[in-house]
Each structure stands twice: as C-alpha cells, then as structure tokens.
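Just a sequence and a predicted model for now, questions to come.
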Amino acid sequence: MNRMESDPQRIKYAGQPTAQGVCEEVRYYLDRMEDLPIVDPQIAGDWENGREVPKGARIFSAMGYNVRGDLCVEVSLRWLDEEEKTYKDDFFLEDIIVKENDLGAAARISAAIIKVFNHDSHIYQPLPPIAAELEDANSTMTPAALLCNGAGIPGEAGYRMTVMTLGKYPAFPLEPYRTACRRAVDTADPEKVMFLIEQAQSHVPDLPVKFYGDIAVYAYDDYPHMARKIIDRCTPQQAAAVPARLLLQAVGYEDIEFACGLVKKGVRAGDLAECIIDSCYQNTLESLPSELLRLGMQVSPEDYGAMHSCLVYNFTEAAAILLERGMDFDACKRWAAEKGWEWPQNDTCTQIETMWAGMRTQSPGPTMQL
C-alpha cells in the first residue's frame, strides 16, 4: 500500500491507481481550468468497483458526434495484455457532452485530459498552478484545514499534501480528521484513505474505537472495495464497534460475501437485527439469516422483533437458533400482543412452538428443600 520513499516529499505509487481515482482527478483539474465549460466526467461502467488502470496504459481522447448528434469527447485506454501479448482498447469515461457544439471547447477538454495523464510513469500529475500551490502551503491555513484540503485533492498531489501535513503536525481534533478521511474517500483513492486510517491512532487524541467503522460505512455505498480494506484492518475491538448499519447495507446490496465476512470479523447486528432479517426477505435471501447466525451474528435474547420476523417470513432455522440461544418464546408472544401485532400462523411458528414446548419439558423443575 505504501507509496512513500524515505523522504515524504518524494512520493510515488507502489501500485496502479484505481480507475475511479483517475476519473476523480480528471474532474478535479477540469473544474479548475478557467477556459473550459463546466463538465462532469463519469467513469465507464466496466471500470467501477476499484478496478485498477493497467500498467503502461495510454489514454486517447478524441472529439466526435454521438448517435443523437451531440458533440462529445470520447476517452479510452489502450494497454498491452501481458498474457495474450496483444493490445486492448476500452472506453474509459462516458462520453463528455459539449454544449452548444463548441468545437473549440471540445478540443480544449480533450487536450486537458491528455495533459493530466503522464504517459511515461502512469502517474496523474497536477497542473502547474496546483503543484505550485501545494509546494508552498498557505501559512494562513490551520493544520486541520490543510489536512482536509489535501485529503480532498485527487491523485498524487493530494496524497503528497496529506503526508506532508501529517508529518508536520502531530495532533488533530477528531472532527476535522474524520472530514479529511471522508474527503479522501470521495477522491476514490484507497491508498490515501488507508494511510489516513492507519495514522489516525497516533494523530487523534482519544480516538473513539468506532471511528474505523464510521469511515467504512461512509465508503461502502460508492466504494465498497475501500470499506472492505478498512474492515480487513480492524482489530477485534474495532470490528465489534462497527455500526450495525454496515451489515444492513451489505445485505441490502445482496453482498453476501461481505455480509458473512463482517459477521466473522465480529461486527454485531445490534438493534438492527430485525431490519437485517427483513432485508434478507425483501432481497429473497432466505438462507442468509440462519447463515449469519451460525457464523456468530449476535442477537440479544430480548430482541423479540428479530424472532417475530423469522416467524413471519418462515425462517425456521434462524428462529430455532434464536430459541437455542436463550430467547423466551412466551415473552416474545406477550411482547407481540402488547404491540397489537398479529401472531403468525404458519409451519415455522408450529415447529418453533413444538421446539419450545420440548425445551420446557426437558428443563429441570425446582428442587425440594428438606
């Protein structure tokens, strides 16, 4: 992950940048070029989910008209497939539509995109005004502002500013540091995110243990690969403090592998167990509740809403596990009655009723004192 040499001012990527990170960097610099119209480059679908740009890839940017007759800029990549020994081409960005059929603006956008891309090292370099600004950090900015500013700049320039700021200042308040982490996520740069995450303990006094989980939750919707990296690095204590919302998100996106991985890591269902079970039903993941429970998902014995959902949706095995873990079935009935909820009448309820009756019969009665 580390892309730093011994001198933190001489930073290089140890691996290839992600395609999303490159797109964010292109967008950042295009926004700051005064002679260009406002455009919003979007990454092509095949390059999502943390896919890295192939080593040695070349970028091609050309003007043309799409099938609707709109003037646009097309951006593609070409790289050598080492295994097949052939060159491959693929669209990298969605067509950038240029309003008012302005050929001059289209040409400037196309040239700017090529300029951002460094063909030799495949590192995306800042344009000269940005580079100068970073080399001469604004002394009027507070350390927290410098950190947030650097974290929000895509690519090598932002990473360098982030490293230099953390190297110069030893401590930061929690909220600015959290903001910096979120801005780093927004630049789609997993290396910068992980660097900030790893430095948090030594730079934020009294860092809450749930901090890592909060950043993973923030990252998961748009950059699930980052959330996975953060969770992989969590200690058992940090994993136990990850908000249950992340587990609910994973189930909602039908990301079964990640959901199971979260539970195995020690992430808890907390007060969202019922919602997680409901989401399993809504996404036709009938076997997932029992699998999560078998893998160790913790559900409070007093979480009767979780049991009620299992009964309603005919999740027999999951309901049985909850019963075996000590949930009081009679208390669950009383809870439902107090809420005015209809008690389900189905096979699962019948089986769990029978199981509960057997468990009560087997339990030893009171011992007579002589």
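That came through fine.

Can you get me a residue count around Ser76?
Ser76 has 16 neighbouring residues, counting by other C-beta atoms under 10 Å. In short, each C-beta sits where N, CA and C put it, glycine included.

so where does it fall, helix or strand?
strand 71-81 (DSSP states H and E).

So what are the sheet partners of that strand and their directions?
strand 58-65 (antiparallel), strand 86-97 (antiparallel) (DSSP bridges).

in the last one, what's buried?
What it means is strand 86-97. The neighbour-count check on strand 86-97 (16 or more other C-beta atoms under 10 Å) flags 91-96 as buried.

Present these as JSON lines; the columns should include pLDDT and distance to Leu295.
Supplementary listing: the buried residues of strand 86-97 in JSON lines, determined by pLDDT from 0 to 100; distance: C-beta to C-beta, whole Å:
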{"residue": "Phe91", "pLDDT": "88", "distance to Leu295": "40"}
{"residue": "Phe92", "pLDDT": "90", "distance to Leu295": "39"}
{"residue": "Leu93", "pLDDT": "89", "distance to Leu295": "40"}
{"residue": "Glu94", "pLDDT": "89", "distance to Leu295": "39"}
{"residue": "Asp95", "pLDDT": "88", "distance to Leu295": "44"}
{"residue": "Ile96", "pLDDT": "88", "distance to Leu295": "45"}
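
which one of those residues is nearest Asp271?
Nearest to Asp271 among the buried residues of strand 86-97, counting by C-beta to C-beta, is Glu94 at 40.5 Å.

how far away is that closest one from Asp330?
59 Å (C-beta to C-beta, to the nearest Å).

same check, this time on Lys229
The gap separating Lys229 from Asp330 is 45 Å, by C-beta to C-beta.

next one: Thr86
69 Å.

residues touching the most centrally placed residue in the chain, list them.
Among the residues of the chain, the one closest to the centroid is Tyr220, at 2.4 Å (C-alpha atoms, centre = their mean). By C-beta atoms under 8 Å, 6 or more residues apart in numbering, Tyr220 lies in contact with 226-227, 246, 249-250.

Mind doing that once more with 10 Å?
Counting by C-beta atoms under 10 Å, 6 or more residues apart in numbering, Tyr220 makes contact with 185, 226-228, 230-231, 245-246, 249-250, 253, 255, 258.

Now distance to Leu311 and pLDDT too, for these, in TSV please.
TSV is the format used below for the contacts of Tyr220 (distance: C-beta to C-beta, whole Å; pLDDT from 0 to 100):
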residue	distance to Leu311	pLDDT
Val185	39	93
Met226	37	92
Ala227	32	95
Arg228	33	95
Ile230	36	96
Ile231	31	96
Arg245	25	96
Leu246	26	97
Gln249	25	96
Ala250	24	96
Tyr253	26	94
Asp255	26	95
Phe258	27	96
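
If anything else comes up later, I'll come back, but that's it for now.
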